[in-house]
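Student: Predicted model follows, preceded by the sequence.
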Amino acid sequence: MNILITNDDGIFAPGVEALTETLQHFADVYVCCPDQERSAIGHSITLRNPLKAKPVDIFPKAKAAWCINGTPSDCVKVAMEVLMPEPPDIVFSGINLGPNVGRDIFYSGTMAGAVEASLYQIPSVSVSLHAFNEKDVNYYRTKQILYEVVETILQNSIPKGVILNINLPNVSKDTCKGIVILPLDMSISRYQYVGLNDPHGHVYFWLKDEWEQLYNFDDQSDFKYVKDAYVTISPIEYQFENKRKSDRISRWFRDHPLNIKTRIKEGV
């Protein structure tokens, strides 16, 4: 089995090292990550600048590793199309510093790396950690919990078209309360713009993370379980086509003047 690892915190992030050290127990590991932090960059790719893949030798047991002057999506795309000898069996993106819950998945570069893999029909997993400062993280205990989760995932098959979004608690294996499978809570707006005045009296806006101020969650909210020291796993499926809805919308335009004109020309 071949596993490809990427992230959005950069090739030198401790989370990437921890993920690599965990996954190397299960398969041959390849690493392809941005050369610097690309957090909250979403699913962007680089169009107007050339990309350079630089080999790095910082993961002793990895089959190969590269850093790229691009985004997580670039990294997955370049690794699978050019760098790897064959496509990976599964892609892991992370370990991201900071949880990815609710609406975060639409902004997250970590999630984007997993989504890019799914576009190639490759099973993928996004992994994040409920911590905001590297100084507060003991990656040895993080790896213990992650190992247990990964072992179960690899013993089974991720359903086709599904991406697993995993959040790990920043606790020891003994104090982890369990693993819950639940949907993302899209009702919560975690990030809010706040207006501030500069010395010249002009107003500018800064995006503030309201994580610490969030409370009174729904009982099945991923926010609640992440804060309560559970591992959360949210299966995410991007359905790009829905035939029933397409047929419904087609009926809106069935008698549209443009369509009637076309049918007259064609003698229908």
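Tutor: Great, that's in hand.
Student: For the residue nearest the centre of the chain, give me its contacts.
Tutor: Nearest to the mean C-alpha position of the chain, counting by Cα atoms, centre = their mean, stands residue 111 at 1.2 Å. Contacts of residue 111 were listed using Cβ atoms under 8 Å, 6 or more residues apart in numbering, and they are 93, 100, 104, 105, 126, 163, 165. Any C-beta I mention is one placed from the backbone N, CA and C, and that applies to glycine too.
Student: For residue 64, state which of the residues you listed is nearest.
Tutor: Lowest distance from residue 64 to these (Cβ to Cβ) belongs to residue 93, with 17.5 Å.
Student: give me the beta-bridge partners of the closest one?
Tutor: residue 6, residue 126 (DSSP bridges).
Student: what about the closest residue to residue 160 other than its chain neighbours, distance to residue 233?
Tutor: Using Cβ to Cβ, 6 or more residues apart in numbering and skipping the chain neighbours, the partner closest in space to residue 160 is residue 121 (7.3 Å). With distances defined as Cβ to Cβ, to the nearest Å, the gap from residue 121 to residue 233 amounts to 21 Å.
Student: Neighbour count for these two, which is higher?
Tutor: residue 233 (18 against 9; other Cβ atoms under 10 Å).
Student: surely the more buried one meets residue 181?
Tutor: Yes. Under the criterion of Cβ atoms under 8 Å, residue 233 lies in contact with residue 181, with a separation of 5.0 Å.
Student: Neighbour count and pLDDT added to the contacts of residue 111, as CSV?
Tutor: Shown next, in CSV, are the contacts of residue 111 (neighbours: other Cβ atoms under 10 Å; pLDDT from 0 to 100):
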residue, neighbour count, pLDDT
93, 34, 98
100, 28, 96
104, 22, 94
105, 21, 94
126, 32, 98
163, 22, 97
165, 27, 98
